[in-house]
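Student: Below is the structure, and that's it, no one-letter string:
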């Protein structure tokens, strides 16, 4: 109960932060950040696109970590976390896949190309949709957990190989951030970007905690249901009946 | 009983059943051949040079028929609950997995061994001087496909909609193999020097090793009842 109370407190703190940060982010993106010289207004989608990609990536990595922890300890809580991470990974990945083409259409002139990050993000999305489908088709909770863990680990292992293979297959993605060799961002843009990244990570954490709590409740209901179905020894009768 | 012997026995069991009934190879072969014929209609090969599209066409045929093979792969054990016997045997379960992979690779290779010569006739192309490297490319990529496919099939065949689920899971996961296979086969068909596609061969080798190792470690968790 203590852990529950602590996570509820943390969750309320996150929610309070998000209530302030999300409007602040929108203000920063649409008012504070300067309009990019060449791309114009469309460039602002970058502040949604890239942080979502970071969050999606976090979801995939967390899913693999919790999957491994589940197989090791067989603690159901890790599986609930793995599944929640995968779901969020899929949600943020969907945002990436929607915002990407909206940006690409005016800038590259096409909605979609065989470019490496696009293609690997799509493949990644497909793998984790498959993960959720397989889970929902399992016979029981434990099977879903074990199978999900296997796909979670295999998917994460596959990720760098998919990226490498698609990179060799095609080679046009904007390299904006310093780490990937681009010419870097204007300082104001960088601050707005940092704020957005922080907000998206907090949103991710908030949703993860919510989903985890929901998963725990579903597990509790499951346990209660199976306890009812099991032919249990008759409950002790109240003394007044005899 | 040594580990390798157990792997061999599992593979031999499946192959013996297949050799006696021949139902799988024949069905897969006709399916793949039918796809080749459909592609023959779909593209006009009097205009397009086969070497540009050929590798893609062949691999679509191999991969689709491979999915059919994988969907059947665990069917023998499911019938009459034979799986219980295997699970109770005092053998490492990963031996069962490797046996299944070996049997699937043999069945898929048999289909490929007949389909490639047939496509040579159907599409008029020649690569007789590069048969050695062509066989190596086919087998390397078939192993990668079967390695992940068998691990996934062990899960999906136990669900009601398994036959639909397997390709949904398998195709995205085997994207590297599909790319490596198509690229290196294209280079082989066009007769380009080995150095041009050696990195793709390296990628296939790495994929095979990584996923065979991962599957051997994970298979225990898949088979648990």
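Tutor: All right, it came through fine. Predicted model only: the values in this text are computed from it and were never measured.
Student: For the strand or helix carrying residue B:131, name the packing helices and strands.
Tutor: Following DSSP states H and E, one finds residue B:131 within helix B:131-156. For helix B:131-156, the packing partners by 3 or more CB pairs under 8 Å, 6 or more residues apart in numbering or on different chains; DSSP states H and E come out as helix A:116-137, helix A:141-169, helix B:50-73, helix B:93-123, helix B:162-173, helix B:175-190, helix B:198-223. In this view, the C-beta of every residue, glycine as well, is placed from N, C-alpha and C.
Student: hey, which of those helices is tucked in deepest?
Tutor: Counting by mean count of other CB atoms under 10 Å in any protein chain shown, helix B:175-190 has the highest mean neighbour count of these, with a mean of 24.
Student: That one vs chain A: in contact?
Tutor: Yes - using CB under 8 Å from any CB of the partner chain, helix B:175-190 comes into contact with chain A via B:175, B:176, B:179, B:180, B:183.
Student: what distance separates the helix holding residue B:131 from the centre of its chain?
Tutor: Taking CA atoms, centre = their mean, to the nearest Å, one finds the center of helix B:131-156 at 4 Å from the center of the full chain.
Student: what angle do it and helix B:175-190 make?
Tutor: Angle, helix B:131-156 to helix B:175-190, by axes from the mean of the first three to the mean of the last three CA atoms, to 10 degrees: 160 degrees.
Student: what is the rounded mean pLDDT of helix B:131-156?
Tutor: Regarding helix B:131-156, the rounded mean pLDDT is 93.
Student: Over to stretch B:187-204?
Tutor: Computed over stretch B:187-204, the average pLDDT equals 88.
Student: Just the terminal-to-terminal distance for that stretch.
Tutor: Across its full length, stretch B:187-204 reaches 15 Å end to end, with CA to CA, to the nearest Å as the criterion.
Student: which residues are contacting that stretch?
Tutor: Residues outside stretch B:187-204 that contact it (CB atoms under 8 Å, 6 or more residues apart in numbering or on different chains) are A:161, A:164-165, A:168, B:50-51, B:54-55, B:125, B:127, B:129-130, B:133-134, B:136-137, B:140-141, B:144, B:176-177, B:179-181, B:183-184.
Student: For chain B, spot the helix or strand the model is least confident about on average.
Tutor: helix B:75-78 (a mean of 82; mean pLDDT, DSSP states H and E).
Student: Could you name the helices and strands sitting against that one?
Tutor: Packing partners of helix B:75-78 (3+ CB pairs under 8 Å, 6+ apart): none among the helices and strands.
Student: and residue 164, what pLDDT?
Tutor: Went with chain A since none was named. For residue A:164, pLDDT reads 85.
Student: looking at chain B here, not the other one
Tutor: Taking residue B:164 on its own, its pLDDT is 89.
Student: So which residues on chain A come close to chain B?
Tutor: A:71, A:123-124, A:126-127, A:129-131, A:133-134, A:137-139, A:143, A:146-147, A:149-151, A:153-155, A:157-158, A:161-162, A:164-166, A:168-169.
Student: what about the residue nearest to residue B:103 when sequence neighbours are not counted, which helix or strand?
Tutor: Nearest residue to residue B:103, sequence neighbours excluded (CB to CB, 6 or more residues apart in numbering or on different chains): residue B:14, at 3.8 Å. Counting by DSSP H and E, the element that carries residue B:14 is helix B:3-21.
Student: correct me, but residue A:193 touches residue A:187?
Tutor: No - Residue A:193 is not in contact with residue A:187 according to CB atoms under 8 Å; the separation is 10.4 Å.
Student: between the two, which one's more packed in?
Tutor: Shown here are residue A:193 and residue A:187; by other CB atoms under 10 Å in any protein chain shown, residue A:193 has more neighbours (21 against 8).
Student: Now name the helix or strand holding the closest residue in space to that one that isn't next to it in sequence.
Tutor: Distance criterion CB to CB, 6+ apart; nearest residue to residue A:193, sequence neighbours excluded, is residue A:47 at 6.1 Å. Here residue A:47 sits within helix A:46-73, counting by DSSP H and E.
Student: residues contacting the nearest residue to residue B:215 once chain neighbours are set aside?
Tutor: Counting by CB to CB, 6+ apart, residue B:215 lies nearest to residue B:151, which is 4.2 Å off, once chain neighbours are set aside. For residue B:151, the contact set (CB under 8 Å, 6+ apart) comprises A:150, A:154, B:97, B:211, B:215, B:218, B:219, B:222.
Student: one more time with 10 Å, if that's ok
Tutor: A:150-151, A:154, B:70, B:97, B:100-101, B:169-170, B:173, B:211-212, B:214-216, B:218-219, B:222 (CB atoms under 10 Å, 6 or more residues apart in numbering or on different chains).
Student: roughly how far apart are it and residue A:169?
Tutor: Counting by CB to CB, to the nearest Å, the gap from residue B:151 to residue A:169 is 24 Å.
Student: Over to residue A:222?
Tutor: Using CB to CB, we find residue A:222 at a distance of 44 Å from residue A:169.
Student: What of residue B:216?
Tutor: 29 Å.
Student: do the same with residue B:117
Tutor: 28 Å.
Student: how deep is the nearest residue to residue B:73 once chain neighbours are set aside tucked in, by neighbour count?
Tutor: Closest residue to residue B:73 apart from its sequence neighbours, by CB to CB, 6+ apart: residue B:153 at 5.2 Å. By other CB under 10 Å, 27 other residues sit near residue B:153.
Student: Surely residue B:153 touches residue B:74?
Tutor: Yes - look at residue B:153 against residue B:74 with CB atoms under 10 Å: they come within range, at 5.8 Å.
Student: anything in contact with each of these two?
Tutor: Shared contacts of residue B:153 and residue B:74, defined by CB under 10 Å, 6+ apart, comprise B:100, B:162.
Student: Point out where chain A drops to low pLDDT.
Tutor: A:1-4, A:171-184, A:231-242 (pLDDT under 70).
Student: Name the single longest helix found in it.
Tutor: Longest helix in chain A, counting residues (DSSP state H): helix A:187-229.
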